[in-house]
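**Q** need a structure here:
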Amino acid sequence: MVGRFWRREIGWEAYQARCPQLIPPPLIEAPEADYNAAPMTVHPVIRWERERRCIELAPCLWGLVPSWWTKPINERKFSGINVPAREAEERAVYRGAFRHWRCLVPVNGWYVWAGEGKSNTPFAVGRREQDWFCLAGVWDTALINGSALESFSVLTTQPNDVLAGIATQMPVIIGKDDYVRWLDPRSGAVDDLFDPWPAIDLKAWPVGSEVGNVRNNYPALVAEV
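**A** Now for the predicted structure:
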């Protein structure tokens, strides 16, 4: 499971350099850095806006709640944090979002834990050649207690050779040339994007146990120990 990720500060110019169709909201600064992004907290995702007039960066809760869910969130029996990419279109929680509302989750990397119990070791994982990149996600809107709740989930696949010894899965990484294709539900089959990202382009390094505490959020979290 992808349980935490981090994102350094990314400016609007950087977002538009990778995704020229993205239109920044006027007079609003780009989201701040987040070195300890945890489930059930809000993070920016790249998506088509509802009328599909432009691509936007919008805040969403990490932990998908499907549009048909109307009960309090604490009554759900699913986490909505991750879903295997090749199962997303078949699972009821994710089916509608996968078919109609795909998104990109901008990150600089993610954390995984190897081992069990108190002896486990946290690792940070990032790309070698790019400072930030995007994970495949799906998003949806549910009406909870009369208010619209927008939320997302990260899609996963089997680990590559870098992660095979420390994780049972890894997030699906979308290359910049496929951003629009992934976002557009009219683009047809996208299952060729679900293969693990090439191991030669990824690195993993051990980090301190502080990443397990969501209250700790500072750049030193990703420093190698």
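**Q** this structure: helices as residue ranges?
**A** Using DSSP state H, the helices of the chain run over residues 12-18, 92-100, 179-183.
**Q** make JSON lines out of the ones you listed and add mean pLDDT, distance to E129 and mean neighbour count.
**A** No exception for glycine: its C-beta is placed from N, CA and C like everyone else's. Listed next are the helices of the chain as JSON lines, based on pLDDT from 0 to 100; distance: least, Cβ to Cβ, whole Å; neighbours: other Cβ atoms under 10 Å:
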{"stretch": "helix 12-18", "mean pLDDT": "95", "distance to E129": "13", "mean neighbour count": "14"}
{"stretch": "helix 92-100", "mean pLDDT": "96", "distance to E129": "29", "mean neighbour count": "18"}
{"stretch": "helix 179-183", "mean pLDDT": "96", "distance to E129": "17", "mean neighbour count": "18"}
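**Q** in JSON lines: the ones you listed, plus distance to A85.
**A** Formatted as JSON lines, the helices of the chain follow (distance: least, Cβ to Cβ, whole Å):
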{"stretch": "helix 12-18", "distance to A85": "21"}
{"stretch": "helix 92-100", "distance to A85": "9"}
{"stretch": "helix 179-183", "distance to A85": "11"}
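**Q** quick check, V93 in contact with W68.
**A** No - with contact defined as Cβ atoms under 8 Å, V93 does not reach W68; the gap is 9.2 Å.
**Q** of the helices of the chain, which is nearest E224?
**A** E224 sits nearest to helix 12-18 of all these, at 24.6 Å, using Cβ to Cβ.
**Q** ok, now how distant is E116 from V180?
**A** To V180, E116 is 41 Å away according to Cβ to Cβ, to the nearest Å.
**Q** also R4?
**A** Going from R4 to V180 by Cβ to Cβ gives 28 Å.
**Q** and S79, by the same measure?
**A** Relative to V180, S79 is positioned 29 Å away (Cβ to Cβ).
**Q** what pLDDT does G146 get?
**A** As predicted, G146 sits at a pLDDT of 83.
**Q** CA atoms of stretch 14-27 as CSV?
**A** C-alpha atoms of stretch 14-27 as CSV (Å, rounded to 0.1, in the frame of the first residue of the first chain):
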residue,chain,number,x,y,z
ALA,A,14,6.6,24.2,-13.3
TYR,A,15,3.1,22.7,-13.5
GLN,A,16,2.4,24.3,-16.8
ALA,A,17,5.8,23.3,-18.2
ARG,A,18,4.8,19.7,-17.8
CYS,A,19,1.1,20.2,-18.5
PRO,A,20,0.6,23.2,-20.7
GLN,A,21,-3.2,22.8,-20.7
LEU,A,22,-3.3,23.5,-17.0
ILE,A,23,-4.8,26.9,-16.1
PRO,A,24,-3.9,28.3,-12.7
PRO,A,25,-6.6,29.9,-10.7
PRO,A,26,-6.2,33.7,-10.6
LEU,A,27,-4.6,35.3,-7.6
